[in-house]
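Enquirer: When you get a sec, could you give me coordinates for this:
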Amino acid sequence: MPKKKKIIVLLLLSVMLLLQTIAPVSASTWNLTGDTNVHDPAYIVENGTGTHWVFSTGSGIQVLYSTDGKNYQRSLPIFKEKPAWWSNYVPNQAGLDVWAPDIFYYNGTYYLYYAISTFGSKVSAIGLVTTNSISGGIWKDQGLVMYSNDASNYNAIDPNVTQDEKGNLWMVFGSWSNGIYITAINKDTMKPTGNSYRIATKSGGIEAPNLVYNRDTGYYYLFVSIGKCCSGLDSTYKVAVGRSKSVLGPFYDKNGVDMKNGGATVIDSGNVAWIGPGGQDVNGTSVIVRHAYSAAENGAPKLLISDLYWDADGWPYYN
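Expert: I've put the predicted structure just below:
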């Protein structure tokens with residue numbers, strides 16, 4: 001090979017290696033385009049239409065949609081005006097600011113749970129809206145699901161509803177020093193019935209619980225975000241997990257530490273391109289959605305979607 005051509009080839013290889021270092025690319029991470037600005041995404045594929053929907057933190061609950069799951073556009077928010085009941089439970093809630101929605105399909109209806117609060121406060125509430133057709137865009141306000149205040153043991157934010165192996169419904173919720181809680185959900189009202197139980201704590205921050213049952217492994221998996229969110233490139237968010245044979249726990253990490261005692265196995269701590277991944281949502285057992293802060297866009301929160309895998313020991317991972 002001529003010397004000049006050899007030098008060009010070496011330069012090209014060096015550039016390729018540099019690009020891999022700056023912006024790691026994974027075969028399991030989807031190549032997304034369009035409008036992907038989100039915080040705390042909740043993801044679902046609508047029955048019948050096959051449309052991919054993402055609901056996220058923001059004014060009125062922000063909504064993205066895609067026909068192929070890769071190219072996203074922004075739709076109208078869920079709320080155009082503030083429901084009157086919000087002010088009864090969170091008087092200082094700002095305008096239409098809504099946090100961390102969760103979408104759950106059950107018996108022909110889509111249940112969209114969400115939280116209202118103020119930063120660093122336990123004066124919070126979880127609400128619910130429903131529809132039979134996301135594409136139709138007509139949502140019905142189902143009012144209050146649960147609330148908390150300064151005297152509460154928990155913080156009523158970050159809801160996530162799941163179905164256990166026997167068909168029973170549960171909601172996990174909560175954050176930070178008060179930890180993550182679980183409560184049973186009534187199938188008729190789709191709201192809590194009975195007591196709430198703490199299943200995870202973590203000094204330095206824990207929130208965004210997502211509870212998943214994997215029939216292949218026989219375990220319930222509690223995905224959480226640990227660390228500090230919402231600080232752009234200074235965020236320390238990480239996606240972590242523990243598992244249990246019972247929906248009520250105890251949930252243990254890979255080292256056998258109970259999540260009630262601070263246990264949590266980190267499965268995504270980000271990289272030089274994507275800082276502070278978290279606010280995750282697991283769809284089924286094969287797709288995980290989360291936000292991360294883009295180093296290339298000065299810390300803008302972006303949507304990331306990856307295929308989710310399970311190793312030989314029954315632990316989740318993605319690349």
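Enquirer: what's the span of stretch 268-285 from first residue to last?
Expert: Stretch 268-285 stretches 17 Å from its first residue to its last (C-alpha to C-alpha, to the nearest Å).
Enquirer: Likewise for stretch 136-154?
Expert: 35 Å.
Enquirer: Quick check: buried residues in that stretch?
Expert: Under the neighbour-count criterion of 16 or more other C-beta atoms under 10 Å, stretch 136-154 has 139, 142, 144-148, 152, 154 buried. No exception for glycine: its C-beta is placed from N, CA and C like everyone else's.
Enquirer: before we move on, what about stretch 93-100?
Expert: 93, 96-100.
Enquirer: Kindly report the same for stretch 104-124.
Expert: 104, 110-117, 122-124.
Enquirer: Go through those residues and say which is closest to residue 271.
Expert: Set against residue 271, the nearest of these by C-beta to C-beta is residue 115 (29.0 Å).
Enquirer: which residues of the stretch 151-300 of the chain fall in strands?
Expert: 160-163, 169-174, 180-185, 192-200, 206-214, 219-226, 238-244, 265-268, 274-283, 287-294, 300-307 (DSSP state E, counting those that start in this stretch).
Enquirer: Just put those in JSON lines and tack on mean neighbour count, distance to residue 52 and mean pLDDT.
Expert: Listed next are the strands of the stretch 151-300 of the chain as JSON lines, based on neighbours: other C-beta atoms under 10 Å; distance: least, C-beta to C-beta, whole Å; pLDDT from 0 to 100:
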{"stretch": "strand 160-163", "mean neighbour count": "21", "distance to residue 52": "19", "mean pLDDT": "98"}
{"stretch": "strand 169-174", "mean neighbour count": "25", "distance to residue 52": "24", "mean pLDDT": "98"}
{"stretch": "strand 180-185", "mean neighbour count": "24", "distance to residue 52": "25", "mean pLDDT": "98"}
{"stretch": "strand 192-200", "mean neighbour count": "17", "distance to residue 52": "29", "mean pLDDT": "96"}
{"stretch": "strand 206-214", "mean neighbour count": "23", "distance to residue 52": "18", "mean pLDDT": "98"}
{"stretch": "strand 219-226", "mean neighbour count": "25", "distance to residue 52": "20", "mean pLDDT": "98"}
{"stretch": "strand 238-244", "mean neighbour count": "24", "distance to residue 52": "21", "mean pLDDT": "98"}
{"stretch": "strand 265-268", "mean neighbour count": "18", "distance to residue 52": "21", "mean pLDDT": "98"}
{"stretch": "strand 274-283", "mean neighbour count": "24", "distance to residue 52": "10", "mean pLDDT": "98"}
{"stretch": "strand 287-294", "mean neighbour count": "25", "distance to residue 52": "10", "mean pLDDT": "98"}
{"stretch": "strand 300-307", "mean neighbour count": "20", "distance to residue 52": "9", "mean pLDDT": "98"}
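Enquirer: Make a markdown table from these and add distance to residue 46 to it.
Expert: Shown next, in a markdown table, are the strands of the stretch 151-300 of the chain (distance: least, C-beta to C-beta, whole Å):
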| stretch | distance to residue 46 |
| --- | --- |
| strand 160-163 | 17 |
| strand 169-174 | 20 |
| strand 180-185 | 22 |
| strand 192-200 | 26 |
| strand 206-214 | 20 |
| strand 219-226 | 23 |
| strand 238-244 | 25 |
| strand 265-268 | 27 |
| strand 274-283 | 12 |
| strand 287-294 | 15 |
| strand 300-307 | 16 |
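Enquirer: Residue 86 is nearest to which of these?
Expert: Comparing the strands of the stretch 151-300 of the chain by C-beta to C-beta, strand 169-174 comes nearest, at 17.4 Å.
Enquirer: Tell me which strands the closest one pairs with, and in which orientation.
Expert: Its sheet considered, strand 169-174 pairs with strand 160-163 (antiparallel), strand 180-185 (antiparallel) by DSSP bridges.
Enquirer: quick one, helices of the chain?
Expert: Here the chain has its helices, by DSSP state H, at 3-22, 86-89.
Enquirer: right, and residue 276 touches residue 268 too?
Expert: No: taking contacts as C-beta atoms under 8 Å, residue 276 lies outside contact range of residue 268: 10.0 Å.
Enquirer: who touches both of those two?
Expert: Both residue 276 and residue 268 are in contact with residue 238, where contact means C-beta atoms under 8 Å, 6 or more residues apart in numbering.
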